[in-house]
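> Generate a structure from the sequence data that follows.
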Amino acid sequence: MNNARLGFWRGWFGMLARGFAICLAAATLCAEPAFIPGEVWLDTAGNPINAHGGGMLYFNHTYYWYGENKAGATTMPVVNKSWDGYRVDVTGIRCYSSKDLVHWRDEGLVLKAQTNNPAHDLHPSKVVERPKVAYHAKTRRFVMWLHIDSLDYQAARAGVAVANAPTGPFAYVGSVRPEGADSRDQTLFVDEDGKAYRIYSSETNLTTYISQLSDDWLGHAGKYARVFPGAHIEAQIVFKRRGKYYFLASACTGWDPNPLRLAVADSIWGPWRECGNPCVGPDAATTFHSQGAFVFPVAGQPDAFIFMADRWNKKDLPDSRYVWLPLVFEQDQLKLPWLPEWSPSFFAAKPAVRW
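Predicted coordinates:
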């Protein structure tokens, strides 16, 4: 074979090999398990994941996702009709576990409804929302805080439960009206120094309270701040990045979505500087038809945070979906871009896109 013909065949096989490699890489990327916001997400048994208004705990190389178990018929109590207050009866708090954030194993109801006592905070007729769990290293107990309420949302209390394992069972301790005021939507934040805080809607949702918890995290220490007075917000989220505190929340529009709100501070106590809506992309004005629930860091990935939200279906609450999206930072400026499909490898790729 002469040199010209040999060169031709070598070049042809080289292009073929490169093309095969590109196709293989693309197939591998497409085959990677992905988040598809707004679709039905299934657990490892093939059942829809049922963990709404939830939070995330990372413990011993495993993620634990806790949320409201919404099951049964969606109804509209007459007392809540003025604000579109659809509901399902309380069944409990469900937990899922995962090593990779994509495949979730159902660990069952870790805090169950109490059906025999109508006066109990966890009775099916009550309201149990927005569970958040953290691990207390000194007491070696897992602490869960929740929004506890009556059917008409007038009780407005904060409930706490504890367990010796992340999958429970959690023992319910009781509920309080912290700082002598009402407490509705809430989140839990543990700082790097081990101090824990509850951040919640109070004063009939007009003001947000930031309350430091007691050393064992089972009560309130009496130190608190009133922030965003008169703002009328709920679905509070707090997380920390590079020494700065970030606050996310929504307006109070019932089950209907609205623009996400962002604020930043150098101290948990403030002052907080409001920065507008960080969402970027189609339907940014409705937080992509969702309401925030929690933000958590991805283990082993520096500067990687995931925003958890619920896409509520108010007339069929068990069919509500999940919207998870990656947070993107340009220096200290936070952006939340819409992605119709993505995977945890998003963070490793370090995209250089200006949102």
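> Run through the residues that contact residue 135.
Residues near residue 135 by C-beta atoms under 8 Å, 6 or more residues apart in numbering: 57, 59, 141, 142, 143, 166. Quick note: C-beta positions are derived from backbone N, CA and C, even for glycine.
> Can you say which of those are buried?
57, 141, 142, 143, 166 (16 or more other C-beta atoms under 10 Å).
> Confirm residue 348 sits in a strand?
No. Using DSSP: H, G, I helix; E, B strand; the rest coil, the assignment for residue 348 is helix, not a strand.
> Around the closest residue to it other than its chain neighbours, count how many other residues there are.
Excluding the flanking residues, the one nearest residue 348 by C-beta to C-beta, 6 or more residues apart in numbering is residue 301, at 6.9 Å. For residue 301, the tally of surrounding residues (other C-beta atoms under 10 Å) stands at 14.
> let's number from 45 now, not from 1
Renumbered: residue one is now 45, and that last one reads residue 345.
> And residue 181, how far from residue 234?
Counting by C-beta to C-beta, to the nearest Å, the separation of residue 181 from residue 234 is 10 Å.
> The two: which is more packed in?
Neighbour count, other C-beta under 10 Å: between residue 181 and residue 234, residue 234 has more, with 18 against 9.
> partners of the more buried one in the sheet?
Residue 234 forms beta bridges with residue 240, as assigned by DSSP bridges.
> show me the contacts for it.
Residues in contact with residue 234, defined by C-beta under 8 Å, 6+ apart, are 178, 240, 241.
> Can you report how many residues lie near the second one?
Residues contacting residue 240 under the criterion other C-beta under 10 Å number 20.
> Now the element after the helix or strand that contains residue 101, going C-ward?
Following DSSP states H and E, one finds residue 101 within strand 96-103. As assigned by DSSP H and E, the chain's next helix or strand after strand 96-103 is strand 106-112.
> How far away from the center of its chain is the next helix-or-strand element following that following strand?
The helix or strand immediately downstream of strand 106-112 is strand 136-142, counting by DSSP H and E. Centroid separation for strand 136-142 versus its chain: 13 Å, with C-alpha atoms, centre = their mean, to the nearest Å.
> Extract the CA atoms of strand 136-142 and return them as PDB.
In PDB, the C-alpha atoms belonging to strand 136-142 read as follows (Å, rounded to 0.1, in the frame of the first residue of the first chain):
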ATOM      1  CA  GLY A 136     -46.700  12.100  59.400                       C
ATOM      2  CA  ILE A 137     -43.100  13.000  58.300                       C
ATOM      3  CA  ARG A 138     -41.400  10.700  55.800                       C
ATOM      4  CA  CYS A 139     -37.700  10.200  55.300                       C
ATOM      5  CA  TYR A 140     -35.700   9.100  52.300                       C
ATOM      6  CA  SER A 141     -32.000   8.300  52.200                       C
ATOM      7  CA  SER A 142     -29.500   8.500  49.300                       C
END
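> Now do that strand: which elements does it pack against?
Identification of packing neighbours for strand 136-142 by 3 or more C-beta pairs under 8 Å, 6 or more residues apart in numbering; DSSP states H and E yields strand 106-112, strand 149-156, strand 171-180.
> Dump those to JSON lines, plus distance to residue 313 and mean pLDDT.
Converted to JSON lines, the helices and strands packed on strand 136-142 look like this (distance: least, C-beta to C-beta, whole Å; pLDDT from 0 to 100):
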{"stretch": "strand 106-112", "distance to residue 313": "27", "mean pLDDT": "98"}
{"stretch": "strand 149-156", "distance to residue 313": "31", "mean pLDDT": "98"}
{"stretch": "strand 171-180", "distance to residue 313": "20", "mean pLDDT": "98"}
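> Could you export these as JSON lines, including distance to residue 355?
JSON lines is the format used below for those (distance: least, C-beta to C-beta, whole Å):
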{"stretch": "strand 106-112", "distance to residue 355": "13"}
{"stretch": "strand 149-156", "distance to residue 355": "21"}
{"stretch": "strand 171-180", "distance to residue 355": "16"}
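> Nearest approach to residue 300 belongs to which of these?
Among those, strand 171-180 comes nearest to residue 300, with 16.7 Å by C-beta to C-beta.
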